[in-house]
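Peer 1: pasting the structure only:
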Ligand SMILES: NC(=O)c1ccc[n+]([C@@H]2O[C@H](COP(=O)([O-])OP(=O)(O)OC[C@H]3O[C@@H](n4cnc5c(N)ncnc54)[C@H](O)[C@@H]3O)[C@@H](O)[C@H]2O)c1
Ligand SMILES: N[C@H](CO)Cc1c[nH]c[nH+]1
Ligand SMILES: [Zn+2]
């Protein structure tokens with residue numbers, strides 16, 4: 001791993017966002033075909049890209065029962081405990097509708113309504129992610145969404161959605177599950193087919209085809225975000241333990257060749273020791289090929305003069321995950337402005353958040369933590385403003401409102417106000 005002095009250019013260019021022209025074209029074609037042909041196109045593309053000929057692609061209750069039988073009691077209990085932690089955390093995010101009542105009888109407020117339906121994409125190409133099922137479905141459930149549909153491609157070797165994904169979906173309370181993935185699944189969720197009723201919003205991570213399809217259907221439905229390859233940044237001083245820092249950097253490198261792992265430290269000694277450790281631990285990883293490509297292309301160690309300078313580097317990078325491994329991590333929290341999730345201290349390594357603690361693991365990537373937040377309950381609810389003006393409040397302000405309308409040259413707006421001042425209703429005109 002390269003050890004670098006901090007320069008002006010901290011950006012790590014990962015050209016992930018737009019995909020290639022060919023990929024964009026493929027996705028457009030798939031979406032158009034699904035819109036036109038419905039299930040027939042979904043089945044055709046699934047055969048082409050996943051090698052499976054689907055018949056009826058809705059998961060049946062018997063398949064879920066079978067999935068429970070394939071998992072040990074211990075595994076099911078771990079999934080349930082993680083689900084409970086995630087549910088409890090997201091319950092704290094719930095906001096209530098509110099209304100102010102004013103002396104003259106005027107009411108102003110905000111009404112919060114859950115979305116009617118949500119489609120959750122669960123990736124299934126390279127690996128199964130039951131944890132992502134929980135992270136997408138549970139906030140929607142807590143928000144009060146009634147219909148939560150899940151789509152996920154089947155494993156090539158078994159022709160099934162992995163048991164842990166089905167069990168996690170059942171524990172989280174998914175309404176219907178469909179065995180389809182890729183752009184065809186996203187299109188089916190957005191536009192509907194004979195099998196799938198369209199949803200209002202699509203959430204969940206996926207590969208470039210899924211990301212491009214989500215971008216393409218945005219507007220027809222809402223989407224959560226385009227989550228790119230995983231990132232970890234570690235802010236450490238000389239109290240950090242090199243073996244642990246290296247292990248944490250590699251935890252995200254194994255996700256994807258384009259994942260990004262960065263150490264920022266004011267200790268040159270720590271930097272040197274971590275660089276050696278990363279190489280040693282990398283060699284023993286089952287996902288060596290992915291992790292080594294990721295570390296080679298997007299692994300960085302930045303050495304700064306002071307911890308304050310390290311924090312400034314972190315704020316510039318705005319990482320998806322930030323671990324703070326310093327003598328007193330809590331004391332630095334106030335200075336950290338941009339990070340999707342902040343893991344404080346030695347006993348909060350990133351996987352604690354990926355699986356178990358409760359906060360969401362669907363997080364802003366690629367510097368977008370500067371302006372966006374983890375997936376949360378509000379992503380599954382919407383707000384309506386409420387205005388109930390009393391007669392006296394209206395009369396007292398009507399002329400000001402009409403003047404404002406004329407300031408914008410909108411005569412019809414002004415008259416809508418003034419009609420009510422002329423007491424025409426009482427005179428029955
Ligand atoms: N940010 C997060 O929270 C998070 C969590 C889990 C996974 N991920 C990411 O999600 C991604 C999952 O990708 P994946 O590929 O494993 O699974 P996926 O389910 O996203 O994609 C598989 C689908 O892609 C389609 N596809 C494959 N090749 C195609 C082609 N040539 N043309 C058109 N369509 C094609 C197929 O229909 C297939 O069903 C990874 O990048 C992973 O890191 C992110
Ligand atoms: N770290 C990933 C999000 O960046 C989420 C994940 C799922 N499973 C393990 N990790
Ligand atoms: Zn992870």
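Peer 2: Looks like it arrived, so ask away. Given the structure is predicted, the values throughout are model-derived calculations rather than measurements. Ligands and ions are numbered 1, 2, ... in the order given.
Peer 1: Between the two ends of stretch 299-314, how far is it?
Peer 2: 15 Å (Cα to Cα, to the nearest Å).
Peer 1: Contacts only, for the residue of the stretch 151-300 of the chain found nearest ligand 2.
Peer 2: For the stretch 151-300 of the chain and ligand 2, the shortest gap (Cβ to the nearest ligand atom) falls at residue 230, measuring 3.7 Å. In this view, the C-beta of every residue, glycine as well, is placed from N, C-alpha and C. Each residue near residue 230 by Cβ atoms under 8 Å, 6 or more residues apart in numbering is listed here: 252, 255, 256, 259, 260, 320, 321, 365.
Peer 1: what about residue 56, neighbour count?
Peer 2: The local packing of residue 56 (other Cβ atoms under 10 Å) involves 10 other residues.
Peer 1: Give the helix, strand or coil label for it.
Peer 2: The local conformation at residue 56, judged by DSSP: H, G, I helix; E, B strand; the rest coil, is coil.
Peer 1: How about residue 120?
Peer 2: Residue 120 ends up strand, using three-state DSSP.
Peer 1: Grab the nearest non-local neighbour of the residue in the stretch 1-150 of the chain that ligand 2 sits nearest to.
Peer 2: Here the residue of the stretch 1-150 of the chain nearest ligand 2 is residue 131; by Cβ to the nearest ligand atom that distance is 4.6 Å. Distances taken as Cβ to Cβ, 6 or more residues apart in numbering place residue 355 nearest to residue 131, at 5.1 Å, with adjacent residues excluded.
Peer 1: Hmm, the one you found is touching residue 82, no?
Peer 2: Yes: checked against Cβ atoms under 8 Å, the pair residue 355 and residue 82 is within contact range at 5.8 Å.
Peer 1: which residues are common contacts for the two?
Peer 2: residue 131.
Peer 1: Show me which of these two is the more surrounded one.
Peer 2: residue 82 (22 against 17).
Peer 1: Apart from its chain neighbours, what residue comes closest to that one?
Peer 2: Residue 82 sits nearest to residue 356 (Cβ to Cβ, 6+ apart), 5.1 Å away.
Peer 1: Dump the contacts of residue 230 to TSV, plus pLDDT and neighbour count.
Peer 2: Shown next, in TSV, are the contacts of residue 230 (pLDDT from 0 to 100; neighbours: other Cβ atoms under 10 Å):
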residue	pLDDT	neighbour count
252	95	25
255	91	20
256	88	22
259	93	28
260	94	28
320	97	29
321	98	27
365	93	25
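Peer 1: just the residues you listed that are near ligand 2?
Peer 2: residue 320 (Cβ under 6 Å from any ligand atom).
Peer 1: Those residues of the stretch 51-200 of the chain touching ligand 1, which are they?
Peer 2: 123, 124, 125, 126, 129, 132, 153, 181, 182, 183.
Peer 1: switch the cut-off to 8 Å
Peer 2: 121-127, 129, 131-132, 135, 152-153, 180-185 (Cβ under 8 Å from any ligand atom).
Peer 1: Quick check: which helices or strands does the helix or strand hosting the residue of the stretch 1-150 of the chain closest to ligand 2 pack against?
Peer 2: Element membership for residue 131, per DSSP states H and E: helix 130-143. If you count contacts as 3 or more Cβ pairs under 8 Å, 6 or more residues apart in numbering; DSSP states H and E, helix 130-143 packs onto helix 73-91, strand 117-121, strand 147-151, helix 163-172.
Peer 1: Could you list the buried residues of that helix?
Peer 2: By 16 or more other Cβ atoms under 10 Å, the buried positions in helix 130-143 come out as 130-143.
Peer 1: So residue 394 versus residue 222, what's the distance?
Peer 2: Distance of residue 394 to residue 222, given as Cβ to Cβ, to the nearest Å: 35 Å.
Peer 1: whoops, I mixed them up, residue 105
Peer 2: Distance from residue 105 to residue 222, by Cβ to Cβ: 36 Å.
Peer 1: Neighbour count: these two, which is higher?
Peer 2: residue 222 (17 against 12).
Peer 1: Grab the nearest non-local neighbour of the more buried one.
Peer 2: residue 201 (4.1 Å).
Peer 1: Just give the closest residue to residue 330, not the sequence neighbours.
Peer 2: residue 344 (6.0 Å).
Peer 1: ah, wrong one, I meant residue 417
Peer 2: residue 402 (4.6 Å).
Peer 1: What of residue 298?
Peer 2: Residue 298's closest residue in space is residue 260 (Cβ to Cβ, 6+ apart), at 4.1 Å.
Peer 1: just residue 373 next, same as before
Peer 2: The nearest residue in space to residue 373 (Cβ to Cβ, 6+ apart) is residue 364, at 6.9 Å.
Peer 1: That neighbour reaches residue 340, doesn't it?
Peer 2: Yes: contact criterion Cβ under 8 Å: residue 364 and residue 340 qualify, at 4.9 Å.
Peer 1: Mind listing the shared neighbours of those two?
Peer 2: Joint contacts of residue 364 and residue 340 (Cβ under 8 Å, 6+ apart) are 320, 373, 374.
Peer 1: so who does residue 132 touch?
Peer 2: Residue 132 touches 122, 123, 204, 205, 361, 362, counting by Cβ under 8 Å, 6+ apart.
Peer 1: Done for today, thanks.
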